[in-house]
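Participant: Next come a sequence and a model predicted from it.
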Amino acid sequence: MARIVHAEAFLVDLEPRVRRTDAIQSFKSQETIFVRVTDADGAAGMGYSYTIGDGGHAVLSLLERTLLPALMGRDGDMIEQVWRGLLFRSHATAVGPIMSLALAAIDTALWDLRGRRAGLPLHVLAGGAKSAVRMYSTEGGWLHLEPAALVDDALAMREAGFHGSKIKIGTPTVSGDAARLSAVRAALGEDYEIMTDANQSMTAPEAARRLPLLEQLNIAWFEEPLPADDIAGHARLARQSRVPVAVGESLYSPGQFADYIAAGACGIVQADVARVGGITPWLKVAHLAEAHNLSICPHFLMEIHVSLVCAVPNAPWLEYIPQLDDIAAPMARDGGMAIAPAAPGLGIAWDHDSLRARTMQGSRLTVTEDPA
């Protein structure tokens, strides 16, 4: 039994090294919420979740006031039981991003603890489907970049062995999006995959206007064309489109994914381990997608998703957006293939000195089991 007797949480703010923009927002910073749990035997695991600039302190408050105290004395081996118990401990705040992000920080820490105790890496512990996966890059496809810059980055990524690039779309005109995508397709040829992401910026008619362009250029997928709560709109668009519609980074529970899949509203599932509430629900979504003959291609967080996409058979891609290089060793890769970590647990080699130096003042908190 891995009885949890101590937990700490803290916040690290990570600014991106490049400017990141899409059709609705700029990525200001990654407020990274860490949780470290320790069991009665002294074994420890560390997990994390994130926001893109706001809300980190709200997640930290929920952990401090509600979830971490409720974790004390629980059996960390019983991860499913713990996850569901914590969900219902504060069910009035679920389903939603703050609750899911807080649960994810705990859940990923528990999976790290389990892997370390078992001496197994996460990709083996969670399924063991493969040990490497293809990558596509988003880091050079931001909306403010001119077509020439998009082309230069895609050419560099192909030279490095990458198999595709994601280009942000959602300029005010179809012709603006056409200029960006056509330049990349002309320069890279037909064998290089191009993904597109509209970041929920479009109305249904504007998304439909872009379908002929995306089909003509053989685009791999059309990501988040509409607001995430518009399941019916995505279903109508999916019926119109020969390009798969991709959704998931803005969904916060397995049930929301089930609704999308049941409606035929997506062709690519993009669960984010932090936003869906952790590894435990992420795996449910992955297997739900598999049961419906759909791929799961997760959003962001490549350092943890590399293990998850290698755990399941229906995950053909990993999104490349480096964000943890200042606080952890770079993710292992062989050209354009990401390699699942072999170290036990999450397999992320944290730089603890850098973490301590970057912890936001006043954010560190601890909770300990009451011996009484």
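Facilitator: Yep, it's here.
Participant: Of all residues in the protein, which one is nearest the centre?
Facilitator: Asp272 (3.2 Å; C-alpha atoms, centre = their mean).
Participant: Tell me if that one really is in a strand.
Facilitator: No. Counting by DSSP: H, G, I helix; E, B strand; the rest coil, Asp272 is located in no strand; its state is coil.
Participant: which residues in this protein form helices?
Facilitator: Residue ranges of the helices in the chain, as given by DSSP state H, are 56-62, 68-71, 79-89, 97-118, 122-125, 147-159, 174-188, 204-216, 231-240, 254-262, 279-291, 302-311, 352-358.
Participant: contacts for the first one?
Facilitator: Okay, so that is helix 56-62. Contact with helix 56-62 is made by 9, 11, 13, 31-33, 49-51, 90, 93, 98-99, 101-102, 105, 363, 365, as judged by C-beta atoms under 8 Å, 6 or more residues apart in numbering. C-beta: built from backbone N, CA, C; applies to glycine.
Participant: Please name the residues that touch the residue nearest to the centre of the chain.
Facilitator: 248-249, 298-301.
Participant: from the contacts of helix 56-62, which would you call buried?
Facilitator: 9, 11, 13, 31-33, 49-51, 90, 98-99, 101-102, 105, 363, 365 (16 or more other C-beta atoms under 10 Å).
Participant: Mind putting the helices of the chain into CSV with distance to Ala43 and mean pLDDT?
Facilitator: Putting the helices of the chain into CSV (distance: least, C-beta to C-beta, whole Å; pLDDT from 0 to 100) gives the following:
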stretch, distance to Ala43, mean pLDDT
helix 56-62, 24, 96
helix 68-71, 15, 98
helix 79-89, 14, 96
helix 97-118, 5, 97
helix 122-125, 15, 98
helix 147-159, 39, 98
helix 174-188, 47, 98
helix 204-216, 49, 98
helix 231-240, 42, 98
helix 254-262, 29, 98
helix 279-291, 18, 98
helix 302-311, 19, 98
helix 352-358, 17, 96
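Participant: a markdown table for these, including distance to Ile167?
Facilitator: Shown next, in a markdown table, are these (distance: least, C-beta to C-beta, whole Å):
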| stretch | distance to Ile167 |
| --- | --- |
| helix 56-62 | 29 |
| helix 68-71 | 41 |
| helix 79-89 | 36 |
| helix 97-118 | 26 |
| helix 122-125 | 29 |
| helix 147-159 | 6 |
| helix 174-188 | 6 |
| helix 204-216 | 11 |
| helix 231-240 | 19 |
| helix 254-262 | 23 |
| helix 279-291 | 24 |
| helix 302-311 | 18 |
| helix 352-358 | 31 |
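Participant: closest one to Gln25 among the ones you listed?
Facilitator: Among these, the nearest to Gln25 by C-beta to C-beta is helix 97-118 (14.4 Å).
Participant: What helices and strands are in contact with that closest one?
Facilitator: For helix 97-118, the packing partners by 3 or more C-beta pairs under 8 Å, 6 or more residues apart in numbering; DSSP states H and E come out as strand 4-14, strand 30-39, strand 44-51, helix 56-62, helix 79-89, helix 122-125, helix 279-291.
Participant: With distance to Glu146 added, can I get the ones you listed in TSV?
Facilitator: Formatted as TSV, the helices and strands packed on helix 97-118 follow (distance: least, C-beta to C-beta, whole Å):
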stretch	distance to Glu146
strand 4-14	27
strand 30-39	26
strand 44-51	29
helix 56-62	33
helix 79-89	45
helix 122-125	38
helix 279-291	36
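Participant: Tell me which of the ones you listed lies nearest to Pro341.
Facilitator: Smallest distance to Pro341 across these (C-beta to C-beta): 7.4 Å, for helix 122-125.
Participant: contacts for the closest one?
Facilitator: Contact with helix 122-125 is made by 111-112, 114-115, 118, 129-131, 279, 304, 306-308, 310-311, 340-341, 345-347, as judged by C-beta under 8 Å, 6+ apart.
Participant: Write the ChimeraX selection for whichever of these are buried.
Facilitator: Provided next is the ChimeraX selection string for whichever of those are buried by 16+ other C-beta under 10 Å:
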select :111,112,114,115,129,279,304,306,307,308,310,311,340,341,345,346,347
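Participant: can you list the domains in this structure?
Facilitator: 4-118+351-368, 123-339 (automatic domain parsing).
Participant: and the shortest one, how far out from the chain's middle?
Facilitator: A distance of 14 Å separates the centroid of the chain from that of domain 4-118+351-368, by C-alpha atoms, centre = their mean, to the nearest Å.
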